[in-house]
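Undergrad: coords please:
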Amino acid sequence: MKYSLVKMQKIDKPRISVMSLADKVKGQGVGSAYSEQLNLIEERLDDVYDIKKNTLKSGAITHYHSINFRFFMHSLMNKKRTVRVGSVHFIPETIEGSITLPPWMKRIFYWYILEFYRSMDQLVTVNPIFIDKLVALGFDQENISYIPNFVSGEQFYKISKEEKKNVRARYGLDENDFVMLGVGQVQTRKGILDFVEVAKSCPDKKFVWAGGFSFGRITDGYDALSEVVENPPSNVRFLGIIDRSMMNEIYNMADIMFLPSYSELFPMTVLEAMNVGIPMLLRDLELYENILFDYYLRANDNNSFSALIERLSSDHAFYEKWAGQSQKGSQFYCRDSVGKMWEEYYAQMLELESSDHYVKKSKAYY
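TA: Predicted coordinates:
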């Protein structure tokens, strides 16, 4: 990594300026990922760095977690004062199936997403497959790093059988019901219609979806999806957007996490559900291969989803095997291991050429 001799004012602790509005829209995985990462670095690195959120001043490192226009302008105005790090939570192709925009607006928005990333000195993605995709879009591989998401074991954990029974009662479920849970925004790409079709093929099971229309009427497929949400089959319930502080009990009332999504990056919901030890049943996406390994059950069509649900409900040994795989997955993405990655990453951003602090000089942008 090359650094110029652009000297910063010497301070006791180098500053990390964290820039994000990702938590302003409820029910987004991006907001959850940002909150977990911020809590982690505040807890782990507070003795090393002066961590500030959404300050007008840049730090030795400025880490942008969302692509708001004022952050874009901030990055341009501070390009010679800071190492600019951008978190890549999505690229244009992953927006498809999420929101509906007029063609001209879509072209501008997709152009803007990439221009925002190009204004960064370094990019961090939560899924290694996105490195190749970003390189194909013209980004320099040496400036892209991979650090996975994680969730807190203090916030997401398995509760007792009695607590589970009580939670189910609050949501109108019987303790003997076999419950499939889907979590996320109500969008076409999340496979909501498939979730409902599978529910129809398993009338003796309960299907619950936690999440809603975070982006309102511009949500892709809004009319068809709203019709399903308002008039679901008798064994399907849509709970709407649930505050994250209540999600642990939602995961715990389920027997299976069922997410037939067609497009994901690294869904926080999967990590959260793994922490409570229920099997994961997901669509067989390339995006999962190098992050979820063999921790989950996979299928590509509704008949296969239904067959796996039937087996999980009737074969105790099979169920316990995949519950165990979820627990292994939660241990792999533990707070401590990801914390070490962030510690090493920020240290690289602050590599010193002398006893003073130096920052990377930006490439010419315009």
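
Undergrad: contacts, neighbours, all on C-alpha from now
TA: Noted.

Undergrad: ok, and the closest non-adjacent residue to A273?
TA: Spatially, and ignoring its direct neighbours in sequence, A273 is nearest to Y251 (5.8 Å; CA to CA, 6 or more residues apart in numbering).

Undergrad: burial measure for that neighbour, as a count.
TA: A count of nearby residues for Y251, using other CA atoms under 10 Å, gives 29.

Undergrad: close enough to count as contact, it and M274?
TA: No - with contact defined as CA atoms under 8 Å, Y251 does not reach M274; the gap is 9.1 Å.

Undergrad: correct me if wrong: H63 contacts I16.
TA: Yes - with contact taken as CA under 8 Å, H63 and I16 are classed as touching, separated by 7.1 Å.

Undergrad: neighbour count for those two, which is higher?
TA: Summary of the neighbour comparison: H63 and I16, criterion other CA under 10 Å, with H63 having more neighbours (27 against 21).

Undergrad: please compute how far the helix or strand harbouring the more buried one lies from its chain's middle.
TA: Assigned by DSSP states H and E, H63 belongs to strand 61-64. For strand 61-64, the distance from its own C-alpha centre to the chain's C-alpha centre is 19 Å (CA atoms, centre = their mean, to the nearest Å).

Undergrad: what about it, average pLDDT?
TA: When the per-residue pLDDT values of strand 61-64 are averaged, the result is 95.

Undergrad: also stretch 87-94?
TA: The average pLDDT within stretch 87-94 is 88.

Undergrad: give me the buried positions along it.
TA: Along stretch 87-94, these residues count as buried under the neighbour rule (16 or more other CA atoms under 10 Å): S87, V88, H89, F90, I91.

Undergrad: residues in contact with it?
TA: When contacts are defined by CA atoms under 8 Å, 6 or more residues apart in numbering, stretch 87-94 is touched by residues 30, 63-66, 110, 113-114, 117, 123-126, 263-265.

Undergrad: so, low pLDDT: which residues of the stretch 51-200 of the chain?
TA: Applying pLDDT under 70 to the stretch 51-200 of the chain flags residues 97-99.

Undergrad: still on that earlier bit, and the strand holding H63, which strands flank it?
TA: For strand 61-64, the pairing partners within the sheet under DSSP bridges are strand 15-19 (parallel), strand 83-88 (parallel).

Undergrad: among the contacts of stretch 87-94, which are in helices?
TA: Here DSSP state H is the test, and the contacts of stretch 87-94 give V30, Y110, I113, L114, Y117 as lying in helices.

Undergrad: list just the nearest of the residues you listed to N302.
TA: Comparing the ones in helices among the contacts of stretch 87-94 against N302 with CA to CA places V30 closest, at 27.7 Å.

Undergrad: now the closest one, nearest residue through space, not along the chain?
TA: Leaving aside its sequence neighbours, V30 sits nearest to A22 (CA to CA, 6+ apart; 6.2 Å).

Undergrad: phi and psi next, for the residue nearest to A273.
TA: With angles defined as degrees, to the nearest 10, Y251 shows backbone torsions of phi -60, psi -40.

Undergrad: packing partners of the helix or strand hosting I291?
TA: Taking DSSP H and E as the criterion, I291 maps to helix 289-292. With contacts defined as 3 or more CA pairs under 8 Å, 6 or more residues apart in numbering; DSSP states H and E, helix 289-292 has no packing partner among the helices and strands.

Undergrad: ok, back up a step: among the contacts of stretch 87-94, which pair sits farthest apart?
TA: Set against one another by CA to CA, the contacts of stretch 87-94 have their most distant pair in H63 and S263, with a gap of 25.6 Å.
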